[in-house]
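**Student:** Fold the following, please.
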Amino acid sequence: MLSKTQAQGRFFAPLGPEKRLNAAMRACISWAAIEEHDKVLDMNCGGGALLRHLDMRYRLTLCGMSETPESARSAREQLTDADVIFARQEDIPWRDDTFDIVMLASALKGDAARVLREVFRVLRAGGQFVMASPLFSPRGEGVLSRREQMRLMQDAGFGEVSFRANGLSGAIVGWKPGRAAS
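**Tutor:** Residues are numbered from 1 along each chain as shown. Next comes the predicted model:
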């Protein structure tokens, strides 16, 4: 039998002292088609663990949104080259066609259809949206099933929408039509 520490090590990628990726972040990274010099938005960066992971492995332009001013400030202090702001998912404060990849390693918040339209707006043609989706979703009021999330992505204009499993989580991946997706 595995100890709690051993079990956590199986599902978290170490980033240094006390910096770990959760299963949702790992799923997003596993299925993102990242290329050097891409511009990437983490829609719920919190303290910046996912952005730090990307910064250590690639040469990217990194941006993040955080749900609280405090976590945005903390992420900015740790990621001096990243543009991290406090913003809601429904109101992405970047221009149209800005990002090559948008990642969301948490649940959709607020008006899901509006959030997905905003993601579609800020993605460049051929850009990819990668959203974590747990393998076993809790049922309840306001919780969208994987099938409902995928349908909303298609309604927002995303093409080639699919679910891809990875460990304890998975990712729903969609592409903004345009240049050929690789």
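**Student:** can you give me the helices for this structure?
**Tutor:** 4-11, 23-31, 49-57, 69-78, 112-122, 146-156 (DSSP state H).
**Student:** Pass me the low-pLDDT residue ranges in this protein, would you?
**Tutor:** 1-19, 137-142, 179-182 (pLDDT under 70).
**Student:** make it 50
**Tutor:** 1-18, 181-182 (pLDDT under 50).
**Student:** Name the strands paired with the longest strand seen in the chain and say parallel or antiparallel.
**Tutor:** Determined from DSSP state E, the single longest strand within the chain is strand 123-134. Strand 123-134 pairs in its sheet with strand 99-104 (parallel), strand 169-175 (antiparallel), by DSSP bridges.
**Student:** Kindly export the last one (C-alpha atoms) in CSV.
**Tutor:** Only the C-alpha atoms of strand 169-175 are listed here, as CSV (Å, rounded to 0.1, in the frame of the first residue of the first chain):
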residue,chain,number,x,y,z
SER,A,169,-8.5,13.9,-15.0
GLY,A,170,-8.8,14.6,-18.6
ALA,A,171,-9.1,17.5,-20.9
ILE,A,172,-11.7,18.8,-23.4
VAL,A,173,-9.8,20.2,-26.4
GLY,A,174,-11.2,22.4,-29.1
TRP,A,175,-9.7,24.4,-31.9
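**Student:** Fine by me, we can end here.
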